[in-house]
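Chemist: Got a sequence here, can you build the structure:
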Amino acid sequence: MDIDFKRSDYYLNRECTWLAFNHRVLRESKDASNPLLERLRFIAIACSNLDEFFMIRVAGLKHLLASETPHRDISGLTPKGQLDAVANRAHEQMHAIDRCLARVLSALEAEGIRITRPNAIDAKELLWLTEFFECEIYPIVTPMALDPTHPFPFLASKSLNLAVRLRRAGESETRRAILPVPAPVLDRLVKLPGAPRFLCLEDILSHFAVRFFTGYEILETTPFRVTRDADLTIREDADDLLVEVEKSLERRKKGAAVRLEIAGSASDETRAFLKRELELQESDIYTGEGPLGCAFFSALANLEGFDPLRYAPFAPVPSIELARLGAASIWDAIRTRDILVHHPFERFQTVEDFIRTAASDPYVLAIKQTLYRVSSRSPIIAALEEAARNGKEVTVLMEVKARFDEENNILMAHRLEEAGCHVIYGILGLKTHSKITMVIRREETGIRRYCHLATGNYNGSTAKIYTDIGLFTSDTEIGIDASGFFNFLSGFSDPPVWNKLIVAPLNLRETILAGIDREIEHAKHGEKAYLAAKMNALLDKGIIAKLYEASAAGVRIDLIVRGICVLRPGLPDVSENIRVRSIVGRFLEHSRITYFRDGGASKIYISSADWMPRNLNSRIELMVPVEDKAHKKRLRAILKAYLRDNRKAYLMRSDGSYVRAACRKGSEAIAAQDLLKETAGKGAVLG
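Modeler: Below you'll find the predicted structure:
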């Protein structure tokens with residue numbers, strides 16, 4: 001039977017599948033097995049995610065709609081159709097956030113943590129609050145009148161404000177003003193003296209609003225919050241990319257409004273007024289019954305003195321493999337054999353020590369590294385600066401187009417340049433998303449290259465909460481490829497013939513497709529055929545069509561996809577052999593692992609790339625074959641742990657909905673992240 005595997009009804013809408021992912025994050029706030037403050041943190045994360053979704057994805061759809069360019073997405077929807085679908089689901093999600101927050105805050109009250117209002121506190125507390133307002137809030141806030149001489153002001157994205165309706169005593173004419181809530185400079189939650197009881201900053205401002213309008217009667221104070229377009233347009237043909245990115249950052253601050261969040265208590269006229277001034281549609285207005293912009297609750301989740309309401313402390317262990325080798329130096333260890341590290345279960349400090357050791361080693365001649373997202377307090381930046389001061393050749397490709405990290409990366413680039421490092425900014429039209437460090441060292445036998453290749457960023461902060469895989473190797477062929485890779489990035493060199501590294505956009509897609517094709521051939525010959533892949537997102541139509549073809553041919557396929565997944569599993573004759581699951585837990589699943597059975601030859605890779613068009617077509621990405629037998633076994637065991645998870649896994653249905661995996665009666669309850677944590681803590685290799 002001939003099947004067109006590219007039919008649009010075989011695919012889901014990207015934006016709706018992202019909202020489904022965020023709903024899974026939110027569902028963790030309802031899971032009683034999660035500690036109470038961690039449940040609050042999941043709500044904060046879901047809200048922060050939603051902010052970025054509107055700033056980038058919804059803004060992009062609005063641009064597409066305004067351009068009037070004929071366009072249909074992978075599922076066949078027009079820009080208008082996508083915006084309608086997104087609005088329906090996003091409104092439902094905002095209401096779900098309100099319900100989840102009310103439930104968690106109610107449970108926190110039973111633990112002694114309470115959010116209250118100024119009219120619910122006693123006289124002594126009100127006296128304290130009045131003094132706090134006069135000393136800490138009143139001097140900061142500047143009221144903004146709205147009238148013909150005072151037009152509606154530009155309000156920064158994600159800023160919280162009060163829309164005030166008022167009138168002079170004895171007059172009938174109403175006036176309008178805006179009180180900006182000074183959340184950027186003051187904590188959104190203000191703690192009352194004594195017990196952990198808190199007031200929202202906007203409630204305090206509303207209670208004392210009359211202080212800003214002497215002689216006027218306050219008729220209404222309505223909290224509202226604006227989300228603006230933050231989707232940067234960067235001219236790749238600019239004479240100076242750094243200057244162009246800096247200009248784009250300024251333009252981002254002035255983007256058009258894409259969403260209005262407003263308190264449910266708002267009057268119809270205030271709602272209509274803000275809608276008109278912000279030039280929004282009714283579907284762009286989101287009504288909230290609780291505090292707006294709940295990402296700030298992450299601070300309350302860190303409240304001191306309530307450790308039992310959080311996850312038990314977790315300390316990553318030293319590298320299991322390094323400890324077993326017991327080598328005199330990192331160089332001796334890597335020369336002995338490749339070393340695989342799994343974060344956050346094993347310390348990211350191993351990576352930082354690798355670069356720090358290279359910076360001070362008199363035999364190290366050069367360090368080359370790509371940086372996509374890096375902490376502003378990164379020991380890696382300090383080590384690279386030290387290496388340059390020690391006279392080593394240091395080359396850093398700093399990706400200044402990493403979304404929402406552009407400003408920090410520019411600052412880090414300037415720091416490195418001032419220290420004497422050679423900083424480059426990538427290839428025209430492509431983001432450099434690969435994660436690679438190469439250290440060139442002079443040894444008795446000659447020059448040797450030591451490489452670290454990874455699925456995650458060189459960021460010690462996120463490495464504590466993201467799951468990622470890293471590989472240290474002194475493999476000669478990988479070292480030669482690494483040299484060619486950096487020459488390709490920094491000069492006018494044509495891509496070399498690669499020995500082992502697989503590079504997007506050059507041959508990564510082709511390698512994945514070839515691996516799937518081999519499984520199809522094995523299936524057609526009646527052999528066992530299987531592949532498994534773990535990633536953050538699955539969106540590429542060509543690869544999905546090939547997976548459908550493989551499923552139809554009898555290849556069994558397991559996909560572990562954290563977020564966006566437009567593939568539809570379980571479609572008759574198309575994807576009956578494909579299972580998709582998503583893991584949402586304490587740590588953010590970020591590692592990318594691909595396994596092909598390949599007739600028993602067993603090929604396995606780690607990569608910086610998701611299976612998305614942007615990763616495969618317009619980013620510099622790396623995929624690395626893992627060849628050590630013990631490492632292949634270890635990675636297969638990691639994949640199996642995720643596939644056995646029946647506590648934190650969600651199983652995808654063919655309509656795009658998800659159901660939580662069930663632990664059958666009498667079966668062992670397994671949470672993959674807990675299993676991996678326990679295994680690392682015991683110094684054992686899972687297998």
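
Chemist: where does the closest residue to C294 other than its chain neighbours fall, phi/psi-wise?
Modeler: Of all residues not flanking C294 in the chain, C47 sits nearest, at 4.1 Å (Cβ to Cβ, 6 or more residues apart in numbering). Heads up, the C-betas are built off the backbone N, CA and C, glycines and all. For C47, the backbone dihedrals are phi -70, psi -40 (criterion: degrees, to the nearest 10).

Chemist: show me what contacts C47?
Modeler: Shown in contact with C47 (Cβ atoms under 8 Å, 6 or more residues apart in numbering): I97, G293, C294, A295, F297.

Chemist: could you redo the last one with a cut-off of 10 Å?
Modeler: 22, 25-26, 93-94, 97, 101, 261, 291-298 (Cβ atoms under 10 Å, 6 or more residues apart in numbering).

Chemist: now G60
Modeler: Applying Cβ under 10 Å, 6+ apart, we find G60 in contact with E15, P79, Q82, D229, D231, V258.

Chemist: Secondary structure class of it, three-state.
Modeler: helix (DSSP: H, G, I helix; E, B strand; the rest coil).

Chemist: and it, how far is that from D73?
Modeler: The gap separating G60 from D73 is 11 Å, by Cβ to Cβ, to the nearest Å.

Chemist: quick one: common contacting residues for the two?
Modeler: With Cβ under 10 Å, 6+ apart, G60 and D73 have common neighbours E15, P79, Q82.

Chemist: The last one and W18 touch, don't they?
Modeler: Pointing back at Q82 there. No. Taking Cβ atoms under 10 Å as the definition, Q82 is not a contact partner of W18, at 11.4 Å.

Chemist: what residues are shared contacts of the two?
Modeler: Residues touching both Q82 and W18 (Cβ under 10 Å, 6+ apart): R57.

Chemist: can you pull the contacts of R41?
Modeler: By Cβ under 10 Å, 6+ apart, R41 lies in contact with 28-29, 34-35, 104, 297-302, 310-311, 586.

Chemist: repeat that for 8 Å
Modeler: By Cβ under 8 Å, 6+ apart, the contact list for R41 reads F297, S298, A301.

Chemist: With K62 instead?
Modeler: Counting by Cβ under 8 Å, 6+ apart, K62 has contacts L83, D229, A256, V258.

Chemist: Tell me the buried residues within the residues you listed.
Modeler: L83, D229, V258 (16 or more other Cβ atoms under 10 Å).

Chemist: Check which helix or strand T370 maps to.
Modeler: Taking DSSP states H and E as the criterion, T370 maps to strand 364-371.

Chemist: taking the contacts of C47 one by one, which sit in strands?
Modeler: Within the contacts of C47, residues falling in strands by DSSP state E are E261.

Chemist: Direction included, what does the helix or strand that contains M438 pair up with?
Modeler: Element membership of M438, judged by DSSP H and E, is strand 436-443. Using DSSP bridges, the strands paired with strand 436-443 are strand 364-371 (antiparallel), strand 446-454 (antiparallel).

Chemist: Name the residues of that strand that are buried.
Modeler: Within strand 436-443, the residues that count as buried by 16+ other Cβ under 10 Å are I436, T437, M438, V439, I440, R441.

Chemist: Give me the average confidence score over it.
Modeler: Strand 436-443 shows a mean pLDDT of 97.

Chemist: what residues does that strand touch?
Modeler: Residues outside strand 436-443 that contact it (Cβ under 8 Å, 6+ apart): 331, 354-355, 358, 361, 363-370, 447-454, 458, 479, 482-483, 485-486, 622.

Chemist: 7 Å instead?
Modeler: 331, 355, 358, 361, 363-370, 447-453, 482, 485-486, 622 (Cβ atoms under 7 Å, 6 or more residues apart in numbering).

Chemist: May I have the strand or helix carrying A630 exported as PDB, CA atoms only?
Modeler: A630 belongs to helix 629-644 when assigned by DSSP H and E. Taking Å, rounded to 0.1, in the frame of the first residue of the first chain, the C-alpha atoms of helix 629-644 are listed here in PDB:
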ATOM      1  CA  LYS A 629      31.700  -0.600  24.700                       C
ATOM      2  CA  ALA A 630      31.200   0.300  28.300                       C
ATOM      3  CA  HIS A 631      29.900   3.700  27.300                       C
ATOM      4  CA  LYS A 632      27.500   2.300  24.800                       C
ATOM      5  CA  LYS A 633      26.200   0.000  27.400                       C
ATOM      6  CA  ARG A 634      25.900   2.900  29.900                       C
ATOM      7  CA  LEU A 635      24.000   5.100  27.400                       C
ATOM      8  CA  ARG A 636      21.600   2.200  26.500                       C
ATOM      9  CA  ALA A 637      21.000   1.700  30.200                       C
ATOM     10  CA  ILE A 638      20.200   5.400  30.600                       C
ATOM     11  CA  LEU A 639      17.700   5.200  27.700                       C
ATOM     12  CA  LYS A 640      16.100   2.100  29.200                       C
ATOM     13  CA  ALA A 641      15.700   3.800  32.600                       C
ATOM     14  CA  TYR A 642      13.700   6.600  30.900                       C
ATOM     15  CA  LEU A 643      11.700   4.000  29.000                       C
ATOM     16  CA  ARG A 644      10.900   2.100  32.200                       C
END
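
Chemist: Extract the residue ranges of this protein that are flagged as low pLDDT.
Modeler: 1, 232-253, 401-405, 426, 492, 681-687 (pLDDT under 70).

Chemist: The longest strand seen in it: which residues count as buried?
Modeler: If you go by DSSP E, the chain has its longest strand at strand 216-228. By 16+ other Cβ under 10 Å, the buried positions in strand 216-228 come out as Y216, E220, T221, T222, P223, F224, R225, V226, T227, R228.

Chemist: Tell me the one among the residues you listed nearest to E576.
Modeler: E576 has its nearest neighbour among the buried residues of strand 216-228 in T227, at 41.0 Å by Cβ to Cβ.

Chemist: ok, and the closest non-adjacent residue to the closest one?
Modeler: Leaving aside its chain neighbours, T227 sits nearest to R259 (4.0 Å; criterion: Cβ to Cβ, 6+ apart).
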